[in-house]
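A.B. asks: Next comes the sequence, and after it the predicted model I'd like to discuss.
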There are 2 protein chains.
Amino acid sequence: MDSSIPARPIGVFDSGIGGLTVTAELRRLLPHETIFYIGDTARVPYGGKSPATIERYSLEISDMLLTAGAKMIVVACNTASALAVPKLEETLPVPVTGVILPGARAAVATTRNGRVGVIGTRGTIRSGAYERAIHALAPEVRVVSQACPMLVPAIEEGWLEDGITDGIIARYLENLAGSGIDTLVLGCTHYPLVKAALARFLGPGIRLVDSAENCAIAVRELLDVHGIGAPDSGKGRLRVALTDASDGFLPVAEKALGLEVGEIHLAAVQR
Amino acid sequence: MDSSIPARPIGVFDSGIGGLTVTAELRRLLPHETIFYIGDTARVPYGGKSPATIERYSLEISDMLLTAGAKMIVVACNTASALAVPKLEETLPVPVTGVILPGARAAVATTRNGRVGVIGTRGTIRSGAYERAIHALAPEVRVVSQACPMLVPAIEEGWLEDGITDGIIARYLENLAGSGIDTLVLGCTHYPLVKAALARFLGPGIRLVDSAENCAIAVRELLDVHGIGAPDSGKGRLRVALTDASDGFLPVAEKALGLEVGEIHLAAVQR
């Protein structure tokens, strides 16, 4: 293969910066792949918005990624994964994966007692998407869900190891921790950034399923199935575009994830 | 005046539900006025967005209010007040008021030692709008500002009297409280809902300027100046429209403010 022909990127998007946790896992697992990440910061958060709106946003951002040559679309946003992946799969000419199904698969593989907890934004929890995905794989598994709306803003403040964040975690997870679950799905792409604090509160009896990590594994499988992986010899790059100027969270995520983001491009979008 | 002719409403808008604190003050101060409130919940929060975007949103929502016959536009959103009021004043055929100038006026009237603190969202604080407005009125006043991004989500969770919210307030206001200010401007329409917690932390030596309350006073003055107040005999109504289905904050605000919101209309907006 002529190395002067640029490799087609894996297109990744999120409503904001949170999907960089998925991107960091992709960089770790597939260092020879080039990634084009779009954070739809002009319209963040998708969380409280209607399903029709989220579907439309997801199609628009996917089109931008396809225009840039994306060979696959990774929906690194739980809200959009919950509400838009079926439409994207139906419409787009490339493979699509979200974060929900990989997380659900890992949860079913992890639980020993058949009791799984799921935490996420209000939108993700209200959608019931993890519950449905887990039940489609293993109808006998019991799922307990909890929305944690304060966690994303705490993470975006950079309060990753912090007494206030610990208090918020304790408030939200108190009932879940006592409900007999042995597995907890981190159903929001921000949450891996407070994995240590979550593990500390829950103790060793509850295993955490990181949907960013499992999404990256699913991407590797999809690349193999479709035979569209980049040659191992290449060195992948990361390109990041945002639909509006970023707030303070980008440096927090870059630092916590050890990502080299480099120059950020701005991409116009109808808002 | 023929009572069968419906009175022209005061048009009020916010990026979300927070502006209902202004609406509650308007209902209290001007019970004979009819109010049409639009919460742009489809595009909330304006906080992190670019000035051009916020200007465009504000013009769109103002047009919806004017189409409904609004005789005045009240920008019950600090971010939009900071960034869009000049454009609205230049463009719209009715009087316009935001929350910044009334808050700045009250702060200057309140301070005895000439040191004023301002708290708000990242967007409001970054804009420097309160500082500019205060300095335009009283160049000698020293202004200390602090962004408090975690307060809005805590309020929207309904954690109004809550140890975690107290912790967040202490974190953000610690430096401000020790900076010698005698006046603090609540530069976000959500904040009056945690006024009691703020006052408790700050103690009696620092007076709070509630921009919702002062905005309502400014509206009364504007109605008088332009001679467009509703007759005292009438009984005003409140109509609320949202641009997307509401999340859980509306009942929190209704209850805390004692507002009778009644049926919520949905208004389509380009997102």
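C.D. replies: Ah, there it is.
A.B. asks: make it CA atoms for all contacts and neighbour counts henceforth
C.D. replies: Fine.
A.B. asks: For stretch A:55-68, what does the pLDDT average out to?
C.D. replies: Averaged over stretch A:55-68, pLDDT sits at 96.
A.B. asks: Let me see the ranges of the strands in the stretch 151-271 of chain A.
C.D. replies: Secondary structure of the stretch 151-271 of chain A, counting by DSSP state E, counting those that start in this stretch: strands at A:183-186, A:207-210, A:238-242, A:264-266.
A.B. asks: okay but A:Ile17 is in contact with A:Gly39, surely?
C.D. replies: Yes: with contact defined as Cα atoms under 8 Å, A:Ile17 counts as touching A:Gly39 (5.8 Å).
A.B. asks: Overlap of the contact sets of those two?
C.D. replies: Between them, A:Ile17 and A:Gly39 share no contacting residue under Cα atoms under 8 Å, 6 or more residues apart in numbering or on different chains.
A.B. asks: Present the strands of the stretch 151-271 of chain A as a markdown table; the columns should include mean pLDDT.
C.D. replies: Below are the strands of the stretch 151-271 of chain A laid out as a markdown table (pLDDT from 0 to 100):
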| stretch | mean pLDDT |
| --- | --- |
| strand A:183-186 | 97 |
| strand A:207-210 | 97 |
| strand A:238-242 | 93 |
| strand A:264-266 | 82 |
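A.B. asks: So which of the ones you listed has the densest surroundings on average?
C.D. replies: strand A:183-186 (a mean of 25; mean count of other Cα atoms under 10 Å in any protein chain shown).
A.B. asks: other SSEs contacting that one?
C.D. replies: helix A:100-110, strand A:115-120, strand A:207-210 (3 or more Cα pairs under 8 Å, 6 or more residues apart in numbering or on different chains; DSSP states H and E).
A.B. asks: TSV please, covering the ones you listed and showing distance to chain B.
C.D. replies: Formatted as TSV, the helices and strands packed on strand A:183-186 follow (distance: least, Cα to the nearest Cα, whole Å):
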stretch	distance to chain B
helix A:100-110	22
strand A:115-120	14
strand A:207-210	24
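A.B. asks: In a strand, A:Val144, correct?
C.D. replies: Yes: counting by DSSP: H, G, I helix; E, B strand; the rest coil, A:Val144 is found in a strand.
A.B. asks: Leaving out chain neighbours, which residue sits closest to it?
C.D. replies: Of all residues beyond its chain neighbours, the one nearest A:Val144 is A:Gly117 (4.7 Å), with distances taken as Cα to Cα, 6 or more residues apart in numbering or on different chains.
A.B. asks: Go ahead and confirm A:Leu238 touches A:Leu259.
C.D. replies: No: with contacts counted by Cα under 8 Å, A:Leu238 stays clear of A:Leu259, the gap being 9.1 Å.
A.B. asks: possible to save the strands of the stretch 151-271 of chain A as JSON lines with distance to B:Gly47?
C.D. replies: Shown next, in JSON lines, are the strands of the stretch 151-271 of chain A (distance: least, Cα to Cα, whole Å):
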{"stretch": "strand A:183-186", "distance to B:Gly47": "26"}
{"stretch": "strand A:207-210", "distance to B:Gly47": "29"}
{"stretch": "strand A:238-242", "distance to B:Gly47": "16"}
{"stretch": "strand A:264-266", "distance to B:Gly47": "18"}
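A.B. asks: Low-confidence ranges, chain A, go.
C.D. replies: Per-residue confidence for chain A (pLDDT under 70) gives these ranges: A:1-6, A:48, A:246-247, A:270-271.
A.B. asks: could you redo the last one with a cut-off of 80?
C.D. replies: A:1-6, A:45, A:47-50, A:123, A:245-249, A:261-263, A:268-271 (pLDDT under 80).
A.B. asks: Which residue ranges make up the domains of it?
C.D. replies: Annotated domains of chain A cover A:10-98+A:213-266, A:100-211 [automatic domain parsing].
A.B. asks: how about TSV for those domains, with distance to B:Ala177 added?
C.D. replies: Formatted as TSV, those follow (distance: least, Cα to Cα, whole Å):
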stretch	distance to B:Ala177
domain A:10-98+A:213-266	24
domain A:100-211	19
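A.B. asks: who wins for proximity to B:Gly227 among those domains?
C.D. replies: domain A:10-98+A:213-266 (39.7 Å; Cα to Cα).
A.B. asks: Any idea which of the domains of chain A gets closest to B:Arg27?
C.D. replies: Of all the domains of chain A, domain A:10-98+A:213-266 sits nearest to B:Arg27, with 27.9 Å by Cα to Cα.
A.B. asks: Any figure for the gap between A:Ala52 and chain B?
C.D. replies: For A:Ala52, the distance to chain B equals 10 Å [Cα to the nearest Cα, to the nearest Å].
A.B. asks: what's the answer for A:Leu137, then?
C.D. replies: 30 Å.
A.B. asks: Correct me if wrong: that residue contacts A:Gly103.
C.D. replies: No: contact status for A:Leu137 versus A:Gly103: not in contact, 11.5 Å apart, counting by Cα under 8 Å.
A.B. asks: Who has more neighbours out of these two?
C.D. replies: Per other Cα atoms under 10 Å in any protein chain shown, whichever of A:Leu137 and A:Gly103 has more neighbours is A:Gly103, with 26 against 13.
A.B. asks: if we can go back for a sec, out of the helices and strands packed on strand A:183-186, which is the most enclosed?
C.D. replies: Buried most deeply of the helices and strands packed on strand A:183-186, by mean count of other Cα under 10 Å, is strand A:115-120, with a mean of 25.
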